[in-house]
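A.B. asks: Below are the sequence and a predicted model; questions follow.
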Amino acid sequence: MSPPETFPKTFHVKSFGCQMNVYDGERMAELMAAQGLTQADAVDADVVVLNTCHIRERATEKVYSDIGRLRKDQRRKSGKTPMIAVAGCVAQAEGEEIFTRAKVDIVVGPQAYHNLPDLVAKAAAGTPSLDTDMPLLSKFGALPARRKVAPSAFLTVQEGCDKFCTYCVVPYTRGAEISRPFAAIVDEAKALVDAGAREITLLGQNVNAWSENERGLHDLIRDLDRIPGLARIRYTTSHPNDMTQGLIDAHRDIESLMPFLHLPVQSGSDRVLKAMNRSHTRDSYLRLLDRVREVRPDIALSGDFIVGFPGETDAEFEDTLSLVDAVGYAQAYSFKYSPRPGTPAASIVEQVSEDVMDERLQRLQAALNRDQHAFNAATVGRTCSVLLERTGKLPGQLIGKSPWLQSVHLIGDHAIGDLVEVTLAAAGPNSLTGVERVREAA
């Protein structure tokens, strides 16, 4: 591919998938800006970074489709061809194959994106560049200081996974489980607060596996709670086996730790859980939730589910539905099983048909939507703080999040970033309407 006539001046980063990809996308954008490039729309940018996710089926084909569409859109608008970088988990999994199929300029994995400026310089000189090395956390030391951020910000504290669930590619695309140093996390959290964040969500593939010497995630949260100006702390995604009593107690003791827990279970059947290599049982999961609710009765629970795992029977799917009924999730994510190349589950002969998976997913989502609506309706009448994060569609409307991660619409004379005491007045399936609490005169 011929190099661009000049070194790129503008960039665009498009991220797919999980919150960690959102965080990585933000950091890549900061890297490019630190090199003097200006952010632009995808159809105008000189460099476009596609920050990919490899969790779902056909993720790789979607990347190639996006590349073709991007080139077509830019040719139609300006006649130019952008420099394209494929980053993230698809880049890590596919490697040099992406050059063969799509003739892109850069392929960079999720542990090497701190080298993006150098890769752009090489590509601008006419040399397509590949970097899928997986060094231990060296990228964080090479990233620029955090600048102005949104009221709610992400902060990666842990990467990789040692659990090796049989359906999952994360151990192969993100590497082994490793924790960022305590001091580096605290420094970045302070920088985020200084840049405007009032809420920080701690991220990791298994975030509650974070540790340093004898300290666990609950110790880290207790230290972050002391940062002036940091009003809210959240964390995701957790694994049941790493949910310690110290972390459970933190939900009781730390006011800034929001009453929300995302704890994936994946199935309600013990046989399926064992086949997934999940290492917890239905009963141990439910008992764990009981312990959390004992210390924080108002906590909102969230989870992940996979339907149609190879060999899942009708009765085993019914076990999942009965678990949903028992828990009453405030929100949850649910997916049809999709075989990921190289994972043990992909080689199981007894795959469930697409029609059966479709029917099961519809039934599961109906139950989850029912419970989400019921949870929202049960919070009507409560007074709580709402962190305003963006403008709404109506004049004067702002949208924020309740402590239970509900989307709340509010009309009033406030600014993005304000924490406002509101009474939740009406509930819909996916959001609530809040009315500002009027304080009585002293």
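C.D. replies: Alright, I've got the coordinates.

A.B. asks: Is V86 located within a helix, as I assumed?
C.D. replies: No - V86: not assigned to a helix; according to DSSP: H, G, I helix; E, B strand; the rest coil it is strand.

A.B. asks: okay, now it: neighbour count?
C.D. replies: 27 (other C-beta atoms under 10 Å). Placement of C-beta: from N, CA and C, glycine included.

A.B. asks: residue ranges for the strands of the stretch 151-300 of the chain, please.
C.D. replies: 152-156, 158-159, 178-179, 199-203, 211-212, 215-216, 232-236, 260-262, 300-307 (DSSP state E, counting those that start in this stretch).

A.B. asks: now the ones you listed in a markdown table, with distance to S334, mean pLDDT and mean neighbour count?
C.D. replies: Output for these, formatted as a markdown table (distance: least, C-beta to C-beta, whole Å; pLDDT from 0 to 100; neighbours: other C-beta atoms under 10 Å):
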| stretch | distance to S334 | mean pLDDT | mean neighbour count |
| --- | --- | --- | --- |
| strand 152-156 | 23 | 94 | 21 |
| strand 158-159 | 25 | 91 | 27 |
| strand 178-179 | 29 | 92 | 20 |
| strand 199-203 | 21 | 97 | 23 |
| strand 211-212 | 30 | 96 | 16 |
| strand 215-216 | 30 | 96 | 17 |
| strand 232-236 | 16 | 97 | 23 |
| strand 260-262 | 13 | 98 | 24 |
| strand 300-307 | 4 | 98 | 22 |
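
A.B. asks: Which one of those strands lies nearest to A374?
C.D. replies: Counting by C-beta to C-beta, A374 lies closest to strand 300-307 out of those; the figure is 11.9 Å.

A.B. asks: Which other helices and strands does the closest one contact?
C.D. replies: Using 3 or more C-beta pairs under 8 Å, 6 or more residues apart in numbering; DSSP states H and E, the elements in contact with strand 300-307 are strand 260-262, helix 314-327, strand 331-336, helix 354-379.

A.B. asks: Go again with 6 Å.
C.D. replies: The contact analysis (3 or more C-beta pairs under 6 Å, 6 or more residues apart in numbering; DSSP states H and E) places strand 300-307 against strand 260-262, strand 331-336, helix 354-379.

A.B. asks: would you turn the strands of the stretch 151-300 of the chain into CSV with distance to R27?
C.D. replies: Formatted as CSV, these follow (distance: least, C-beta to C-beta, whole Å):
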stretch, distance to R27
strand 152-156, 9
strand 158-159, 13
strand 178-179, 17
strand 199-203, 12
strand 211-212, 22
strand 215-216, 25
strand 232-236, 18
strand 260-262, 22
strand 300-307, 25
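
A.B. asks: Provide a list of residues in contact with the residue nearest to L323 when sequence neighbours are not counted.
C.D. replies: Excluding the flanking residues, the one nearest L323 by C-beta to C-beta, 6 or more residues apart in numbering is G268, at 3.3 Å. G268 makes contact with 282, 319-320, 323 under the criterion C-beta atoms under 6 Å, 6 or more residues apart in numbering.

A.B. asks: For the residues you listed, work out which two are farthest apart.
C.D. replies: Largest separation among the contacts of G268 by C-beta to C-beta: R282 and T320, giving 9.2 Å.

A.B. asks: of the two, who's got more company?
C.D. replies: A count of neighbours by other C-beta under 10 Å puts T320 above the other of R282 and T320, at 26 against 19.

A.B. asks: Quick check: W404 touching I299?
C.D. replies: No - counting by C-beta atoms under 6 Å, W404 does not reach I299; the two are 8.1 Å apart.

A.B. asks: the more surrounded of the two?
C.D. replies: When W404 and I299 are compared for neighbours, W404 comes out ahead with 23 against 18, by other C-beta under 10 Å.

A.B. asks: sec struct for that one, please.
C.D. replies: Relying on three-state DSSP, one would call W404 coil.

A.B. asks: so what's it up against?
C.D. replies: So W404 contacts 260, 300 (C-beta under 6 Å, 6+ apart).

A.B. asks: Any regions of the protein where pLDDT drops low?
C.D. replies: Scanning the chain with the threshold set as pLDDT under 70 gives 1-6, 55-59, 135-139, 142, 438-442.

A.B. asks: would you list every one of the helices in it?
C.D. replies: For the chain, the helices defined by DSSP state H cover 19-34, 59-77, 89-94, 97-102, 116-124, 138-142, 170-173, 182-194, 217-224, 245-253, 270-275, 282-295, 314-327, 354-379.
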